[in-house]
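K.L.:
Here is a sequence together with a model predicted from it:
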Amino acid sequence: MSGILEVKNLSVSYDGTPVVSNISFSLDEGRSLALLGPNGAGKSTIFKAILGLIAYKGEINWIKKPSIGFVPQRFDFDKNIPMTVMEFMLLHADVKFGFWFPKKEILEDIEKSLNYVNAKKHLNRKIGDLSSGEFQRVLIARALFGKPNVMLFDEPTADIDVEGEMTIYPLLKKLSKELSFTLVLISHDLNVVYDFADEVICLNKKMMCVGAPKVVLTPDQLNQLYGEGVGFYVHHNHKL
Amino acid sequence: MDINVIIVSLMVGIAASILGVFIILKRLALVSDVLSHVALPGMALSLFFGVNAFFGAFAALLLAVVGIYFLEKRSKISLETIVGIFFTMSLALGMVFFDNAEALAEGLFGNIESITQFDLYMALAVGGFIIFITLIFFRNFAHTTFSKELAQSEGFPVKKLNLIFLILLAGVIALGIKVAGTLLMGALTILPVSIAKNISGSLRMMTVLSVFFGILLVVLGLLASSFFQIPLSAAIILSGGVLFAISLIK
């Protein structure tokens, strides 16, 4: 297994206040890595740094040229804007031309991407009419459309319907194997990390642990990360 | 009615309605409305220097949009506050600069009598340019306004695109001041697309319908203005208001 990403001493500050300090980790191709930590721990900030959206100190080295598929946690938009799922997909950077009159191959690729996440039926629906779970699937399909070798998945904190929440992780894991992409996910859910990540980085402004979830997520570690009284309540009802 | 007036009005209607799609997508309806007031002191200065009102208005608007761009980037003042304070001040400044009430009224409400052959060329050249650039950047504008973060992550130059959009906005408002006046030009950028939005099932349909309504409002405005002997700017905007109300009926 070869390395794809190496992060060394990554630090980010907003207006002089450190948000994350001295984060170092490396990532092998085809693995799944979870960033775990309480709200405000700096998980999304690390994503933004990896995506090159914010200034940072330290090094982010891609060993292999990445094609990043990014699934943001959420974004605000006017739900009354009549933009269809198809149009939303056509805005993707890889389409370049053909927003008005897309080529047949592009349309087929879009349908294929939506099919992966069982969302082809939403093709001509308005984005604003989708439930949060449906919209998340469309966002994943959109990330898949760019044929990524790295997928950054930022878990929504709330709002996802139960059906969406229960099925998205096994699906992501399955797709990462099928389409051979490396998965980096932000999660707040210990069970998700435990079940679906090969490695975990515990964060609270700085790195608290790194390693296989079953090894490093000890009760002591979790107490340090979240405070007393947090533990595992593993459930095995994730179905595809 | 003068053919120059008809063509200039149509070009303004088309350019405003196509750019208006992004004004609505960016939720800048009120900003566009108030931004148009900035043209007023510029118009007064061009009157003073004896040049076409377009140039003064465009210079003032350009200064304003570049100002917005940098202030928004570098300070924590919200866009609404910047617009609310500085742009209404320029309205006040315009009122001071205009030395007679008639010229001021022309600036505020537009005056098609003042449309010249030169304005026709300007409308064709500038209007054509705005339409062309908006179509070229359509997908980029749509993406960066719909989801800035996602667009950034895919390498879209969000800030540059925003600046290009603001310059186009300055251009379209400056182009329309003789037709609609500084008080009503903002409305012309948002009315066609607002009507289209109410009845469209997709962004592409909304854009096509927005241009259609942009043309229709101008045609209805021209007819109403000549039939009822009312100012063209008011006739266009009132037609738009009526169509907007109709578009709300489901």
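P.N.:
Alright, I've got the coordinates. Residues are numbered from 1 along each chain as shown, chains lettered A, B, ... in the order given.

K.L.:
Phi and psi next, for the one residue sitting closest to the centre of chain B.
P.N.:
By C-alpha atoms, centre = their mean, the mean C-alpha position of chain B lies nearest to residue B:173, the distance being 3.6 Å. The phi and psi values for residue B:173, taken as degrees, to the nearest 10, are phi -70, psi -40.

K.L.:
pretty sure it is touching residue B:64, no?
P.N.:
No: the criterion here is C-beta atoms under 8 Å, and residue B:173 misses it with residue B:64 at 9.7 Å. (Each C-beta comes from the backbone N, C-alpha and C, glycine too.)

K.L.:
Can you work out which residues contact both of those two?
P.N.:
Both residue B:173 and residue B:64 are contacted by residue B:35, under the criterion C-beta atoms under 8 Å, 6 or more residues apart in numbering or on different chains.

K.L.:
residue contacts, the residue nearest to the centre of chain B?
P.N.:
The contact partners of residue B:173, taken as C-beta under 8 Å, 6+ apart, are B:32, B:35, B:36, B:39, B:57, B:61, B:185, B:186, B:189.

K.L.:
Is there a quick ChimeraX command that grabs whichever of the residues you listed are buried?
P.N.:
Selection of buried members from the contacts of residue B:173 for ChimeraX, criterion 16 or more other C-beta atoms under 10 Å in any protein chain shown:
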select /B:32,35,36,39,57,61,185,186,189
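
K.L.:
In strands, which of the contacts of residue B:173 fall?
P.N.:
Nothing among the contacts of residue B:173 maps onto strands, per DSSP state E.

K.L.:
Mind picking the lowest-pLDDT entry from the contacts of residue B:173?
P.N.:
For the contacts of residue B:173, the model is least confident at residue B:32; its pLDDT is 80.

K.L.:
Tell me if I'm right that that one and residue B:23 touch.
P.N.:
Yes: using C-beta under 8 Å, residue B:32 is in contact with residue B:23, at 4.8 Å.

K.L.:
got the residues of chain B near chain A?
P.N.:
Within chain B, the positions near chain A by C-beta under 8 Å from any C-beta of the partner chain are B:24-25, B:27, B:138-139, B:142-143, B:146-156, B:197, B:200-206.

K.L.:
Smallest distance to chain A belongs to which residue of chain B?
P.N.:
residue B:154 (3.7 Å; C-beta to the nearest C-beta).

K.L.:
confidence score at the residue of chain A positioned farthest from its centre?
P.N.:
Ranked by distance from the centre of chain A (C-alpha atoms, centre = their mean), the top residue is residue A:101, with 30.8 Å. Predicted confidence (pLDDT) for residue A:101: 89.

K.L.:
how about the residue of chain B closest to chain A, phi and psi?
P.N.:
Dihedral angles (degrees, to the nearest 10) for residue B:154: phi -100, psi 10.

K.L.:
Give me the distance between it and residue A:96.
P.N.:
Distance from residue B:154 to residue A:96, counting by C-beta to C-beta, to the nearest Å: 11 Å.

K.L.:
So for the two, which residue has more residues nearby?
P.N.:
Between residue B:154 and residue A:96, counted using other C-beta atoms under 10 Å in any protein chain shown, residue B:154 has the larger neighbour count: 21 against 9.

K.L.:
Spit out the contact partners of that one.
P.N.:
A:70, A:92, A:93, A:146, B:143.

K.L.:
Residue A:75 now?
P.N.:
Applying C-beta under 8 Å, 6+ apart to residue A:75 gives the contacts B:147, B:148, B:149, B:150.

K.L.:
farthest-separated two in those?
P.N.:
B:148 and B:150 (7.4 Å; C-beta to C-beta).

K.L.:
Which single residue of chain A ends up nearest chain B?
P.N.:
For chain A, C-beta to the nearest C-beta, closest residue to chain B: residue A:93, 3.7 Å.

K.L.:
Now that residue. Nearest residue, chain neighbours left out?
P.N.:
Excluding the flanking residues, the one nearest residue A:93 by C-beta to C-beta, 6 or more residues apart in numbering or on different chains is residue B:154, at 3.7 Å.

K.L.:
tell me which residues in the helix or strand hosting residue B:103 are buried?
P.N.:
Using DSSP states H and E, the element containing residue B:103 is helix B:101-109. Burial within helix B:101-109, assessed by neighbour count using 16+ other C-beta under 10 Å, is assigned to B:103, B:104, B:106, B:107, B:108, B:109.

K.L.:
Would you mind measuring from the second one to residue B:235?
P.N.:
The reference is to residue B:104. Per C-beta to C-beta, residue B:104 is found 21 Å from residue B:235.

K.L.:
now swap in the first one and tell me
P.N.:
Counting by C-beta to C-beta, the separation of residue B:103 from residue B:235 is 22 Å.

K.L.:
Give me the pLDDT for residue B:114.
P.N.:
On pLDDT, residue B:114 comes in at 84.
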